[in-house]
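> okay, here's the prediction I keep looking at, along with the sequence it came from:
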Amino acid sequence: MNLAEPNADAAPNAPRLTALAHGGGCGCKLAPAVLRELLQGQFAASGFPQLLVGNGTADDAAVWQLDDGRCLVATTDFFMPIVDDPHDFGRIAATNAISDIYAMGARPLFALAILGIPLGKIDTATVREILAGGAAACAGAGIPVAGGHSIDSAEPIYGLAVIGECPHESMRSNGGAQPGDALILTKPLGVGVYSAAYKRGTLREEAYAEMIATTTKLNAVGARLGQGAAVHALTDVTGFGILGHGLEMARASGLQLEISAGALPLLSRAEELARGGVVTGASARNWASVEDAVALPASLPQWQRDLLTDPQTSGGLLIATAPEHAERIVELVRGEGFAAATIIGRAIAGTPGLTITD
């Protein structure tokens with residue numbers, strides 16, 4: 001059995017990037033319940049009619065209406081290392097940040113880097129590789145890294161602020177789902193359990209390669225999805241897991257979402273690892289934040305619940321689309337390289353929340 005080698009090209013005495021951080025990837029995010037408490041009443045949109053999307057619906061990015069019918073879309077996202085290879089870390093973090101723009105049906109224009117480095121613990125060559133990885137992801141999206149800001153921090157941090165744009169009619173939020181809509185997920189779940197196995201030193205090389213492939217896959221298809229009337233709502237699935245981000249869509253849309261646990265696409269070893277108890281601490285925090293609004297079948301095993309709350313770093317898009325267009329949308333997304341894209345449930349009228357079926 002070949003295990004993924006943490007940062008095999010690093011200097012002999014260089015510390016593992018993941019060893020310098022208490023958490024990694026989108027699993028570092030504050031729990032949804034904590035975040036709601038902190039932000040309650042903080043950012044009122046009153047008095048700013050051009051602010052089309054703010055903090056009110058826990059959406060992926062802010063949207064500002066310009067006078068010419070276009071919208072500016074802005075986001076920021078950063079986290080601590082999920083892997084030890086600095087170039088991979090930079091690529092993952094940048095891909096994850098750019099995803100917020102695509103999740104609004106927009107296209108990115110440029111990015112600004114956010115960098116925190118524990119001086120004296122990480123050498124400059126490693127930092128340059130982190131930045132190069134981020135720049136490579138931005139180049140893949142066709143945008144420059146136009147500047148940024150750096151600090152001396154206790155733990156390594158990297159990410160981006162990203163500015164994008166779209167026509168007003170192409171903008172999609174997480175709050176547009178309609179009764180009867182089909183729900184589509186574009187990437188497989190399991191990044192959290194893979195990252196937990198990686199930190200334990202038990203993740204196989206082929207699984208590491210699978211994790212890098214999915215976390216560095218740009219969600220650029222989101223910009224295409226905003227161009228037609230069939231797609232009603234979009235969001236990306238990241239640190240709160242499919243339950244957390246699904247609940248945000250349900251609440252923002254005023255609907256109940258019904259998701260089939262058996263239909264969810266998974267990374268190839270996700271079930272095996274989850275059955276073996278390989279989970280992140282964020283999974284339990286995510287469940288505690290949503291359990292009052294989620295109905296689970298009594299027969300659902302613990303490993304499946306853990307994957308429902310598994311924090312995804314640079315995860316896929318959750319799409320709500322008119323049911324008559326669902327198969328076409330799945331084929332469109334698969335044609336863009338998202339082979340795991342599949343229908344996972346539907347939106348129905350009812351008290352905002354989630355119902356999970358077998």
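Cool, the structure landed. Numbering: from 1, shown residues only.
> tell me the helices in the stretch 51-200 of the chain, going along the chain?
Counting by DSSP state H, counting those that start in this stretch, the stretch 51-200 of the chain has helices at residues 86-102, 124-140, 191-200.
> need those in JSON lines (columns: mean neighbour count).
Placement of C-beta: from N, CA and C, glycine included. Shown next, in JSON lines, are those (neighbours: other Cβ atoms under 10 Å):
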{"stretch": "helix 86-102", "mean neighbour count": "28"}
{"stretch": "helix 124-140", "mean neighbour count": "19"}
{"stretch": "helix 191-200", "mean neighbour count": "26"}
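> in a markdown table, list those helices along with distance to Ala322.
A markdown table is the format used below for these (distance: least, Cβ to Cβ, whole Å):
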| stretch | distance to Ala322 |
| --- | --- |
| helix 86-102 | 20 |
| helix 124-140 | 31 |
| helix 191-200 | 29 |
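> surely Tyr158 is in contact with Asp77?
No. With contacts defined as Cβ atoms under 8 Å, Tyr158 does not count as touching Asp77, sitting 10.2 Å away.
> who has more neighbours, the two?
Using other Cβ atoms under 10 Å, the more surrounded residue of Tyr158 and Asp77 is Tyr158, with 28 against 23.
> what's the more buried one in contact with, if anything?
Counting by Cβ atoms under 8 Å, 6 or more residues apart in numbering, Tyr158 touches 78-79, 81, 89-90, 93, 113-116, 130-131, 134.
> what's the spacing between it and Ala295?
Between Tyr158 and Ala295 the distance is 38 Å, computed by Cβ to Cβ, to the nearest Å.
> hey, where'd the strands end up in the stretch 101-250 of the chain?
In the stretch 101-250 of the chain, the segments counted as strands under DSSP state E, counting those that start in this stretch are 107-117, 145-152, 157-167, 182-185, 231-236.
> right, I mislabeled it, should have said the stretch 251-358 of the chain
Under the criterion DSSP E, counting those that start in this stretch, strands of the stretch 251-358 of the chain are mapped to 256-260, 294-295, 317-321, 342-348, 353-357.
> now for Arg346: which residues touch it?
180-183, 257-258, 323.
> out of the helices of the stretch 51-200 of the chain, which comes closest to Thr215?
Closest to Thr215 of the helices of the stretch 51-200 of the chain, according to Cβ to Cβ: helix 86-102, at 4.5 Å.
> that older thread, make TSV from the helices of the stretch 51-200 of the chain and add distance to Ser283 and mean pLDDT to it.
Below are the helices of the stretch 51-200 of the chain laid out as TSV (distance: least, Cβ to Cβ, whole Å; pLDDT from 0 to 100):
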stretch	distance to Ser283	mean pLDDT
helix 86-102	18	98
helix 124-140	26	97
helix 191-200	6	96
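> what about those helices, which gets the closest to Arg251?
helix 86-102 (18.5 Å).
> output that closest one as PDB, restricted to C-alpha atoms.
Extracted in PDB, the C-alpha atoms of helix 86-102 (Å, rounded to 0.1, in the frame of the first residue of the first chain):
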ATOM      1  CA  PRO A  86       2.700  24.200  -0.800                       C
ATOM      2  CA  HIS A  87       1.900  24.300  -4.500                       C
ATOM      3  CA  ASP A  88      -1.100  22.100  -4.000                       C
ATOM      4  CA  PHE A  89      -2.200  24.100  -1.000                       C
ATOM      5  CA  GLY A  90      -2.100  27.300  -3.000                       C
ATOM      6  CA  ARG A  91      -4.000  25.800  -5.900                       C
ATOM      7  CA  ILE A  92      -6.800  24.400  -3.600                       C
ATOM      8  CA  ALA A  93      -7.200  27.600  -1.600                       C
ATOM      9  CA  ALA A  94      -7.400  29.800  -4.800                       C
ATOM     10  CA  THR A  95      -9.800  27.400  -6.600                       C
ATOM     11  CA  ASN A  96     -12.000  27.400  -3.500                       C
ATOM     12  CA  ALA A  97     -12.100  31.200  -3.300                       C
ATOM     13  CA  ILE A  98     -12.900  31.700  -7.100                       C
ATOM     14  CA  SER A  99     -15.700  29.200  -6.700                       C
ATOM     15  CA  ASP A 100     -17.800  31.800  -4.800                       C
ATOM     16  CA  ILE A 101     -18.000  33.900  -8.000                       C
ATOM     17  CA  TYR A 102     -19.000  31.000 -10.200                       C
END
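> state the distance from the residue at minimal distance from the centre of the chain to Ala97.
The residue lying closest to the centre of the chain (Cα atoms, centre = their mean) is Thr238, at 2.7 Å. Applying Cβ to Cβ, the value for Thr238 to Ala97 is 10 Å.
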